[in-house]
Each structure stands twice: as structure tokens, then as C-alpha cells.
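what's the 3D shape of this:
(one chain, ligands or ions: 1)
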Amino acid sequence: MTNRRPLIAGNWKMYKTPAEAAETARQLVERVTGVTDVDIMIAPTFASLEPVFKVIQNSPVALGAQNLFWENEGAYTGEISAPMLKSVGCEYGIIGHSERRQYFGETDETVNKKIQAAIQVGLKPVFCVGETEKEREDEQTLSVLDKQVKKGLEGLVSDQLDTLIIAYEPVWAIGTGKTATDEQAQEAHQFIRSLVKKTVDNDLAESIRILYGGSVKPANIAALMEMPDIDGALVGGASLDAESFSQIVKFK
Ligand code: PEP
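Residues are numbered from 1 along each chain as shown. Alright, predicted model coming up:
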């Protein structure tokens, strides 16, 4: 048995105007009020952070950002920093999502800088890793995870990492309707936990929350959460609707 507290996080990607995001947040708060045994986070677009925060403050739902830049301020057109995100109510920051790696050139090195920037201001990093379909077919899943985790956490020590969350998101399962089997997900999670043990330390490996992401829905969350090393979920599509996301939150 583990005492890791589950986290169910919603990534709203580039969906919803601020008014729509605030309304979905309102519907979600209505449905999850009274939930005390699961941490809940939603990450709307930057434009919706403030309006969503107004709706969720004093509720069980916390705010997250989908990305951040590693400098605190400067001439970096189009970017946003960790202190700025903190100042509008963010508690979490998603870092290294596969869509950022695929479309916006993020690398293990930039991911590492972003994790450091988040930690410096007390933003909890949700550090995403995962293999592509080709890498899985070529039996490279574990070596890809090994590289992403080691490089992403390079230079960081246990004391800095107590708020870190890792999200295992096989790229082939994101937005495709294909979910990793419970056993495939468990194998990857167990491997990631063993890597944290090897590269950081045993206490962190025991306490760190590792989320699964990739076509999580109300119908598959309970079985995933039965796996001993799965501590929650990062949910894309099914988090856009308050009813389906609240069913995932109430997976027990
Ligand atoms: C994601 O965006 O992190 C994700 C897992 O998306 P989906 O749930 O839609 O596969």
C-alpha cells in the first residue's frame, strides 16, 4: 500500500475562450465540491488563467499552466515566466508535454531549465515523458524514458524535487483513443520510479507521484488506478467536459 495522494490533472490545450473556460470550471467545481481524497488540477490557456482562478479559488480545484519559460523576465516575445504564473494563482506547471516537444522544439535540455525555473518559485512541475509509436515498436521505450528522465532532472537534488510530479504519456496514446494497457503503463511507471531511486534517492522514489496520460476516460481510469505505481492521470480530451472529468476525479 502506498500513501501517495492521487492527482487528477486536466490539460485543456488550446481549447475554450476565457468565458467558456470559466463556465466549465464552474461546472467542475459544482461536481467536485466535497472531494477531499484526490488532488485536482486544471490547466487552461494562459488567457483563461485569471478568470478560471476566480472561479476555483476556495474550491478543491487547483490551477496549472500548460508551459512556462525559464527566465523570470526579459525580451522573450510570446513567453511567460514561472513567477508570472504564480502571481495569477497557478500551483502547477506542465513541462515538456509531447505536443511542445513535437511542435515547438522542446528538448530534454529546455525541459530541465523549465523544471528548475518552476521549482525556484514554488510551482509544482508536472514533467511529461513518453515514447513515440515507432520507439515502442523498436523496443526503445525504456531507453527513451531513461534519457528523458535523467536529462530532465540533471543537476537537481532530492530536496528540490519534493513537489515534482512525473507524467508518463506514451505519445501514441495521446488524443488517439488508444490507451496503454494497464500492464504497459505499470511497467513504464515502475521503471520511472526505479530510475528516480537510482538517480536521486529512495525516499523521493517512494513519494513521487507518477501520472498516466493518454486517452484516459471515465471508463478506463479505475483499472489504471489499481496499478501500484500509477498515482493519478493527466487528462486531455476528457477533461474538457466537466461531467466526464468529474467522473474521472471520482474514480473510486
Ligand atoms: C494530454 O494532453 O496530456 C493527453 C493525455 O491527452 P488525451 O487525454 O486527449 O489523450
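
please count neighbours and contacts with C-alpha atoms only from this point.
Fine.

how about stretch 94-109 as PDB, C-alpha atoms only?
Coordinates of each C-alpha in stretch 94-109 appear next as PDB, following Å, rounded to 0.1, in the frame of the first residue of the first chain:
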ATOM      1  CA  ILE A  94       3.100  21.200 -17.100                       C
ATOM      2  CA  ILE A  95       6.500  21.000 -18.600                       C
ATOM      3  CA  GLY A  96       7.700  19.000 -21.700                       C
ATOM      4  CA  HIS A  97       4.300  17.900 -22.900                       C
ATOM      5  CA  SER A  98       4.900  15.800 -26.100                       C
ATOM      6  CA  GLU A  99       3.000  18.400 -28.200                       C
ATOM      7  CA  ARG A 100       5.500  21.000 -27.000                       C
ATOM      8  CA  ARG A 101       8.400  18.700 -27.900                       C
ATOM      9  CA  GLN A 102       6.800  17.800 -31.300                       C
ATOM     10  CA  TYR A 103       5.700  21.300 -32.500                       C
ATOM     11  CA  PHE A 104       7.700  23.800 -30.500                       C
ATOM     12  CA  GLY A 105      11.200  22.300 -30.500                       C
ATOM     13  CA  GLU A 106      11.400  21.500 -26.800                       C
ATOM     14  CA  THR A 107      14.300  19.300 -25.800                       C
ATOM     15  CA  ASP A 108      15.400  17.500 -22.700                       C
ATOM     16  CA  GLU A 109      17.700  20.500 -22.000                       C
END
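
is that stretch in proximity to the ligand?
No - using CA under 6 Å from any ligand atom, stretch 94-109 stays clear of the ligand, coming no nearer than 6.8 Å.

what mean pLDDT does that stretch get?
Across stretch 94-109, pLDDT averages out at 98.

state the number of residues packed around the residue lying closest to Ile210 once chain neighbours are set aside.
The spatial neighbour of Ile210 that comes closest, neighbours along the chain excluded (CA to CA, 6 or more residues apart in numbering), is Ile166 at 4.8 Å. The number of residues packed around Ile166, counting by other CA atoms under 10 Å, is 23.

so which residues on the chain come close to the ligand?
Contact residues of the chain with respect to the ligand, defined by CA under 6 Å from any ligand atom, are listed as 11, 173-175, 213-216, 234-237.
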